[in-house]
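>>> Here's my sequence, what's the structure:
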Amino acid sequence: ELANHGEERFPLSEAKHYVVIGVGGEQVRDLEARSGAAIAFEKKPEPAMVIKGTKQQREKAIQLATEVIEATGEMEQQKFYVDRKFHALLIGATGRRVQDIEKRSGAHIQFEAEPEEVMLVTGSKIQRETAWEIVCELLEGEEEERVAVP
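Okay, the predicted model is just below:
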């Protein structure tokens, strides 16, 4: 049985890692359960999905991941300029607020302060737009609260 186990690297862009992982890891856990394979992701030396299991498990995992990617369409990453002072507010305590934005929009969100103060949003055009709309609503509410409180 162990002799049949192996590891396979499936080239996959970083933007597509987020698609296969899904919000909170739900998607990749489902793929692992359905294929029986263990799935991990690596950025170096080249971005890839690393699948461990029997030949049949690896083939099934690749097939399922490919279906998920095709179903979501073209995923792109977009930069939104968000002042660093708002990063903590948008991430929220223990990351809950950013997880909520990801769940509501379907996009993956990262914050960077260097070299630019940006929010990187990965997803379809609609997912990226939805994430930005939610962020704008949250920031508008924050500005109103700060102005309203003497």
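>>> From now on I want contacts and neighbour counts done on CA atoms only, so please keep to that.
OK.
>>> Got phi/psi on the residue lying closest to R84 once chain neighbours are set aside?
Leaving aside its sequence neighbours, R84 sits nearest to E117 (CA to CA, 6 or more residues apart in numbering; 5.6 Å). When read as degrees, to the nearest 10, the backbone of E117 gives phi -90, psi 100.
>>> for Q78, same thing?
Note on Q78: backbone dihedrals following degrees, to the nearest 10 are phi -130, psi 140.
>>> go on, A37?
With angles defined as degrees, to the nearest 10, A37 sits at phi -90, psi 160.
>>> how near is it to E137?
Going from A37 to E137 by CA to CA, to the nearest Å gives 41 Å.
>>> In terms of packing, which of those two has more residues around it?
Using other CA atoms under 10 Å as the criterion, A37 and E137 rank with A37 on top: 24 against 10.
>>> quick one: I109 and V121 touch, right?
Yes - I109 is within contact range of V121, at 4.7 Å (criterion: CA atoms under 8 Å).
>>> Please enumerate the strands of the protein.
Applying DSSP state E to the chain gives strands spanning 5-11, 38-42, 48-54, 76-81, 108-112, 118-123.
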